[in-house]
Each structure stands twice: as structure tokens, then as C-alpha cells.
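Engineer: after the sequence you'll find the predicted model.
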Amino acid sequence: MRQLAGRALEPTYPTIASVLARAIARAGHDVTDACSRRSCLVMAPHPDDETLGAAVTIMRKLEAGTPVHVLVASDGSKWPPGDPAVVKAERARELRAATGLLGLAPEAVTALAFVDAELDGSDPALVAALRDAVRAVAPAEVLVTSELDPHDDHAALGSAARRALAGTGVRLLAYPVWQWDRPARLLRMLRRTPRPELVCTAGYVERKQAAIAAYGSQLSSEPDEDSGEGLNRRFLRRFTGPYEVFFPVPE
């Protein structure tokens, strides 16, 4: 019954997401200046999530001379459909291109070898790999997808990051991705953390759009339709608004 009700409400999701975006902007705390001075490790479940969720934040930090490292947990080999080895190579190429556009040097990007769509089954090894990365990079803060993200890989990485950072004193913040397509999850994030942190995107949106465009394999061939094949323009607009949004995660 709950699934049927959810499907019935799907046509209203874009409107609800827009209302929530405005509520987040009103409730949020602009940390643009302070954020630019905090060293950072950005964790992404797949090549492209780091750009969707945190591209402007990465660029602002780098331009302030602040160290940033990106870690991508999975190989991206399951989308688009095809030979996994070929898809994996293409996603790796896109990751290099996109992060290069953001200003990251190749040595500031780490790609782990976990298999796409299988992060949930890699839990102990994933936690250990993230813990090692945090020790090596020694960031002031970590940005990662949320445990409340409806995508299993995204939720698994958020959970693993929380456990990897336990007791370290490193700030952990979650950025929404697929919650924009499932706004009830976004509302749950806002209820848990009623004062999200906002990073202003003014002056950086075109560069972020160019970095997103580097992930050509992930973009919908029908950009204005909900075809289920890749990221469409309606969805991508959520990532080029006036702010990037981060929800502090308590230990």
C-alpha cells in the first residue's frame, strides 16, 4: 500500500522538492567563507557524485589554497549497461576530466576498486578503506552522501563514513543526491539537522555545469523526460541552484 501511495505521489515530487529547497535556503547557515578554509576529503559512491554534490565547494577551497582530496568508492561499471570493463574505463576517464575541470590534480583523486552497486555488501572492507584514507589525508572535514539517500550505494557509503570517522574528531557532513528525487528523504534530513550548511554557488555555476557535462555517459538522451535512462535536466537543475547543501552528521 505504501509503495502504491508513493507512486501516486511521484508527479508531485518536483514541486515538493522545490518547496523543500526554499525551506532549506531559509533555514540554512551560509558557511561559504569559513568552509573555504577547512581542508576536506570528499567521498563519492560513484564517479560524478563528487561533482553533483560538492563541485563548487571543491573549487572554492582550492582557490583559497585549501587542500582537497576526492575519493570515489566504486568503479561505476554498472551504468550505462554494457561490458563492465569498457564502462569502468569510460567512467574513470570521465572522472579525470571532471575533477580536472574543478582544478584537482590527478594525485588528489583516489578511485577505490569496489564494484558498482555492491557497496552495501563490502561493509567491513569499505569502512577500513575509508579509515585509511582519513588517516592519510587528515582532513578537517569529510563530505559524503547520506545514509538517508534512497540509492543503496549512496546510503552504504554514508554509513561506512560515519563509522570510519567515529572518535576521530573530523567533521562529517552529508550532501543530498537522490533525495532531490525522493523529497520525503530530504525532509527527514532537514528534520534531523534543521540548520544545514550552505555554500554559495555564485560565479561557479558554469564551471560546475561543464564538470557535470564531462560525465556524458551518465546524462539522459532525453534530457527533459523522466525516461529512467541517465540524469535528466530537471534533476540536474537541483545541483546548480544558489547553494550547495550539506547536513552536519553527529557522531
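Structural biologist: Everything's here; your move.
Engineer: find the nearest non-adjacent residue to Ala133, please.
Structural biologist: Using C-beta to C-beta, 6 or more residues apart in numbering and skipping residues adjacent in sequence, the residue nearest Ala133 is Leu71, 5.3 Å away. (Each C-beta comes from the backbone N, C-alpha and C, glycine too.)
Engineer: let me know the secondary structure of that neighbour.
Structural biologist: strand (DSSP: H, G, I helix; E, B strand; the rest coil).
Engineer: surely it meets His46?
Structural biologist: No - Leu71 is not in contact with His46 according to C-beta atoms under 8 Å; the separation is 11.8 Å.
Engineer: so between those two, which is more surrounded?
Structural biologist: The residue with more neighbours, out of Leu71 and His46, is His46; 28 against 24, by other C-beta atoms under 10 Å.
Engineer: that older thread, identify the residues contacting the residue nearest to Ala133.
Structural biologist: Residues near Leu71 by C-beta atoms under 8 Å, 6 or more residues apart in numbering: 41-44, 109-112, 130, 133.
Engineer: could you list which of those belong to strands?
Structural biologist: 41-44, 109-112 (DSSP state E).
Engineer: hey, what's the residue nearest to Ala133 bridged with?
Structural biologist: Met43, Thr110 (DSSP bridges).
Engineer: pLDDT value on it, please?
Structural biologist: According to the prediction, Leu71 has pLDDT 99.
Engineer: and if you look at Glu251?
Structural biologist: 79.
Engineer: what residue ranges in this protein score low on pLDDT?
Structural biologist: 1-9, 221-229 (pLDDT under 70).
Engineer: just the helices in it please.
Structural biologist: 2-9, 13-27, 32-35, 49-63, 84-102, 123-137, 152-165, 183-192, 205-213, 233-236 (DSSP state H).
Engineer: gap between the fourth one and the chain center?
Structural biologist: Its chain's C-alpha centre and that of helix 49-63 lie 10 Å apart, by C-alpha atoms, centre = their mean, to the nearest Å.
Engineer: list the buried ones in it?
Structural biologist: 49-62 (16 or more other C-beta atoms under 10 Å).
Engineer: same question for the fifth one.
Structural biologist: By neighbour count on 16+ other C-beta under 10 Å, the buried set for helix 84-102 is 87-88, 90-92, 94-99, 101-102.
Engineer: any idea which of those residues is closest to Ser217?
Structural biologist: Comparing those against Ser217 with C-beta to C-beta places Glu90 closest, at 5.5 Å.
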